[in-house]
Structures are given as structure tokens and as C-alpha cells.
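# Generate a structure from the sequence data that follows.
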Amino acid sequence: MKRKAGFCVKIRGTVSKPAEKPREPGSRHDIRIPEQGWLGLLVFAFVVSSVAYARMLPYGQGPDEESHGLFVECLAGQAPAGTRWAWGLPVFDTTDDDANFETHQPPLYYVVAAVVWRAGGSGAVRAWSLLCGVLLLLVTWRLARDLLAADLALAATAVVALLPMNCFLATRVNNDPLANVLWAGALWRWICSLRDGPSLREGLLAGLWVGAALLTKQNSVALLPLAVLAAVPMARTSGRTRAALTQLGVTLAVAAALAGWWYLRNRVLYGDFFAQHAFDARFLPTRMTPERLAEQFKGHPEWRYWPYFGEWVTRTFVIYIGHNLFLLPKELYPLQLGLTALAACGAVAATARRWRRSGLDAGVAAAVLGACALVEVTALLVRFNCTYWQAQGRYLFLALPCWGLLYAGGLSRIFPPGSALRRYAVGLAPAWFGLLNLMLLVEYVPGLLRPA
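Numbers count the residues shown, from 1 in each chain. The predicted structure follows:
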């Protein structure tokens, strides 16, 4: 027997079964879209949305896009006068007048982008970012499909594909799209290991994803404790503790071999592995901090920093184009918070039920790993905002597959198994983000930054 992927399953072979009455032409049962067809439609919708944002919003509107582009041009052979070099890369200058300040970032995205830039300029680099966004969708679907049914895997992918801020970022000159797909790849390999058991091969593959992520964005260091956390249930569910520890060791060794030189370079040039002292010397005197923000609200005694931070993160998670342009009506954001809270409750309840029924199996372990990833990226954002005012929801996108699974799976698991409400609730989050995306592209973004 052979199973055809998709929502409608046909069984082919020689198994005897009652003869089926031929369906009338034009019957609703004749329209069948396989799982890969739905995935293709999601990729198409994502590409169209991303290109639409790129057409309507000019270069420079992404987060520090011009500075990211300057780093790319620098590596492509057009470095500003006075640029200092070490280990084949420009040195991060701590003076306030240096526009090339993204040189503190790990170089992988920019090295590839420089090659692309030589071929087609900033438009080609935007295409490179879009390719990273498409790869993120494919990895998200594969990650979810390795454990879950087709409807949940596609719904989680749809959340990632239709989230407006992700579509907007996908055509910007920025290292976020590459970092996001590399995080997704590492999570995918750990989920495969939870399902199939530890192996040297999985350790090598996970190490490649983690090492590349460490060479793309510095806060990818958070993947290292996740690697350790993944090894614990891996050992328990497989009963092979030594193999799980060996896989962990291979992952860490490969990641260190790929990315260790960058952090050693930071130690040599700036005095610490993450160049934090140089970063603070460059940005603390001039960038917005919690203290400076509080000064601006001195005349509003009801104002509090962390509730204000939460409001900004909620709004910028959906869309933030810069210059404080939130665009969507503020009345929509309580609904966004409500959906998030309901999804979290549903996910926790479903995981607890499965744990009571089956113990620590691969599904429960994957859910716990995903929850830890969400907690980590949230903790990184909170920690950063203790020093700098950067309440941007895009920093949570490192765990985008986990957000997709939370919204798609969590909302549906509120309802009883087998009920129509559960079946329809799988599509609730994709419909919500798709609606917001459509509102932005049709009503709010067109003509927004059109020259006067």
C-alpha cells in the first residue's frame, strides 16, 4: 500500500474492498490538493507578500538597513576611507561618527551578500534575503511534519509565511533572515534525534547548523544550552545515554570549529569574546536607554517601563517599518495578545495531557524543547532591554517555527479531540495573520513613503 501525502489519502494496491460507485463529474471530491501543493501555495503567498513590501517600501526602511548594506559594500571592495582591517574583516570602530557600525556582527551573512552584491547590487542582496525566507518556510514545514500531522505542519508554516513582519524583513538587507533559518535547522535536527535516537550523523548536522548560526548572529550562543537541553530527553527516550552525550559533543565540537575563530578574534581585538565592551562604548552614549526613555515620560506619572515594553513588543512582532510606524489600528493588538495567551494555554494543556498518557516521548520532549527556545529568545530580548531600548518583536523570530507551532497547535488543542472546532481552529492563526497582512498590503502600506 502506498500513502499519498495530503489531506485526502488514497490507498492503492491489491487489497480487496467494496467497489466504489463512480463519482459524478464535477463532484466536490474531485478537487484534491496534495500536501506539497498547499506548501507551494504558502511559499507563493510569502514571496508575493515580501516582494510587494519591497516594491512599496524603498531601500533603507528595514532595521538599520543602510548600515547593513554598508558592511556588505565594504566586503565587496568599496570600504569607506580609513577602514581598519584585521583577520580579513573590517574592525568595529567605537567612535560615534562611524556609519559602518554593523561590523560588530558575525560575518557569514555579509560575506555571502558581498558576493551577491557584486553580481546585482542591493536588489540581488534582497533576493538573497528572500531565499533565506523561503528556506525558513521549508525547514519549518519539515520540522513540524517529522512529528505532526499534515494539517498542523502546514498551519504552522502558514503562520510563518503570513506573519507581516517576517514578510517585510524577508526582502531587507539584514542578517535576520539567515539567522532565523539556521536556528530552525538546528531545532529540526534535534527533533529528528528525539524521534529516531542520537547518532554521530545527527551530531554533525546539528553542529553545522549551530556553527553557521554562531557566524551569523551573536545571540545564537543561546543555541548551545539548547543543545544540552535536547540531549537530556534524547538520552531518556532512547535509553542510550552515551550515544546522546557523544552526539552533543560532536555538535559542540563542530560548532566551535566553524565559529570559534570569530569569538577568538573578538577577544584579541576588543578584550572579550562578544565585543560587549566595544559595543557599549559605541552605543551607550548615544542610543536610547531605559533611563533616557523615562526622562521623556517624566510628565506622565502613570507610565511604567515594562508595560510600555510589552506593548511595543506586541505591536512590532506583527509589523514595524521604522520611524515609529506601527500602521495597524491599536485596537487589534489586544486580540493578538488574547490569541497568544489562548495558544499558550492550549499548548501547555495538550503537552501535559500527553505527558500523563505517554510519559516523556518524542512529542513531549519536542514541545519542551520548543518552549525552552521561546523562553530563551524572550529572555534575551528582556535582558537587552535592561540596558538599551530595543523593544522589537523581530528579536523573537529566531524561534519562528516554535511560534508557528504554538499558534497553530495551541489554539486547536483548546477544543476536544475529533471536534469540528478543533479542526477549524488549526486555521485560526493563519487566517488572523493573513488578514493583517492583507490589510497592510492593500490599505496601510501603499503610498506610505511615496515621495511628495
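# how close does residue 107 sit to residue 217?
11 Å (CB to CB, to the nearest Å). (Each C-beta comes from the backbone N, C-alpha and C, glycine too.)
# Sorry, slip of the keys, the one I care about is residue 188.
Per CB to CB, residue 188 is found 18 Å from residue 217.
# Residue 203 now?
Residue 203 is 22 Å from residue 217, by CB to CB.
# of these two, who's got more company?
residue 203 (26 against 22; other CB atoms under 10 Å).
# Sticking with the more buried one, tell me its helix or strand.
helix 200-214 (DSSP states H and E).
# How about residue 338?
Applying DSSP H and E, one finds residue 338 within helix 332-358.
# same thing with residue 174?
Going by DSSP H and E, residue 174 is not in any helix or strand.
# which ones are touching it?
62, 63, 64, 65, 68, 129 (CB atoms under 8 Å, 6 or more residues apart in numbering).
# Can you report phi and psi for the closest residue to the fifth one other than its chain neighbours?
With CB to CB, 6 or more residues apart in numbering as the criterion, residue 68 has its nearest non-adjacent residue at 4.7 Å, and that residue is residue 173. With angles defined as degrees, to the nearest 10, residue 173 sits at phi -80, psi 100.
# how about residue 243, what does it touch?
Contacts of residue 243 by CB under 8 Å, 6+ apart are 197, 198, 199, 235.
# just to revisit the earlier point, give me the packing partners of the helix holding residue 203, helices and strands only.
helix 176-196, helix 223-238, helix 241-270 (3 or more CB pairs under 8 Å, 6 or more residues apart in numbering; DSSP states H and E).
# for it, which positions count as buried?
Residues 202, 203, 205, 206, 207, 208, 209, 210, 211, 212, 213, 214 are the ones in helix 200-214 that count as buried (16 or more other CB atoms under 10 Å).
# do the same with stretch 357-371
361, 362, 363, 364, 365, 366, 367, 368, 369, 370, 371.
# so the fifth one makes contact with residue 234?
Yes - when contacts are counted by CB atoms under 8 Å, residue 365 is listed as touching residue 234 (7.4 Å).
# ok, back up a step: what's the most distant pair in the buried residues of helix 200-214?
202 and 214 (18.3 Å; CB to CB).
# the inter-axis angle of the helix holding residue 203 versus helix 241-270?
20 degrees (axes from the mean of the first three to the mean of the last three CA atoms, to 10 degrees).
# re earlier: can you tell me which of the buried residues of stretch 357-371 is nearest residue 408?
residue 370 (12.2 Å).
# Nearest to residue 424, out of the helices and strands packed on helix 200-214?
Comparing those by CB to CB, helix 176-196 comes nearest, at 26.6 Å.
# Which strands or helices does the closest one pack on?
helix 108-145, helix 164-169, helix 200-214, helix 223-238, helix 362-384, helix 400-405.
# lowest-pLDDT helix or strand in this protein?
Ranked by mean pLDDT, DSSP states H and E, the helix or strand of the chain with the weakest confidence is strand 11-12, at a mean of 36.
# Name the next helix or strand following that one along the chain.
Next along from strand 11-12, by DSSP H and E: helix 35-56.
# Okay, buried residues for that following helix please.
Quick answer for helix 35-56 (16+ other CB under 10 Å): 35, 38-39, 42-43, 45-47, 49-54, 56.
# now do stretch 348-358
Here stretch 348-358 shows 350, 351, 354, 355 as buried, counting by 16+ other CB under 10 Å.
# mind listing what the closest residue to the second one other than its chain neighbours touches?
Residue nearest to residue 351 in three dimensions, not counting chain neighbours: residue 367, with 4.5 Å by CB to CB, 6+ apart. Residues touching residue 367, when contacts are defined by CB under 8 Å, 6+ apart, comprise 347, 350, 351, 354.
# which one of the buried residues of stretch 357-371 sits closest to residue 142?
Nearest member of the buried residues of stretch 357-371 to residue 142, counting by CB to CB, is residue 366, at 13.4 Å.
# List just the nearest of the buried residues of stretch 357-371 to residue 308.
Distances from residue 308 to the buried residues of stretch 357-371, taken by CB to CB, are shortest for residue 371, at 26.2 Å.
# The helix holding residue 338 to helix 362-384, inter-axis angle?
140 degrees.
# ok, back up a step: ok, the contacts of residue 367 vs residue 159, which is closest?
Closest to residue 159, out of all of these and judged by CB to CB, is residue 347, at 13.2 Å.
# Around that closest one, count how many other residues there are.
Neighbours of residue 347 (other CB under 10 Å): 25.
# which residues touch the residue nearest to residue 241 when sequence neighbours are not counted?
Among residues not flanking residue 241 along the chain, residue 235 sits closest, at 4.3 Å (CB to CB, 6+ apart). Residue 235 makes contact with 198, 241, 243, 244, 245, according to CB under 8 Å, 6+ apart.
# buried residues in stretch 330-340?
333, 336, 339, 340.
# which among the residues you listed gets closest to residue 293?
Distances from residue 293 to the buried residues of stretch 330-340, taken by CB to CB, are shortest for residue 333, at 19.8 Å.
# Surely the closest one is in contact with residue 319?
No - using CB under 8 Å, residue 333 is not in contact with residue 319; the gap is 10.8 Å.
# picking that back up, neighbour-wise, which of the contacts of residue 243 leads?
Of the contacts of residue 243, with other CB under 10 Å as the count, residue 198 tops at 26 neighbours.
# Wait, that one touches residue 240, no?
Yes - in terms of CB under 8 Å, residue 198 counts as a neighbour of residue 240; the distance is 6.1 Å.
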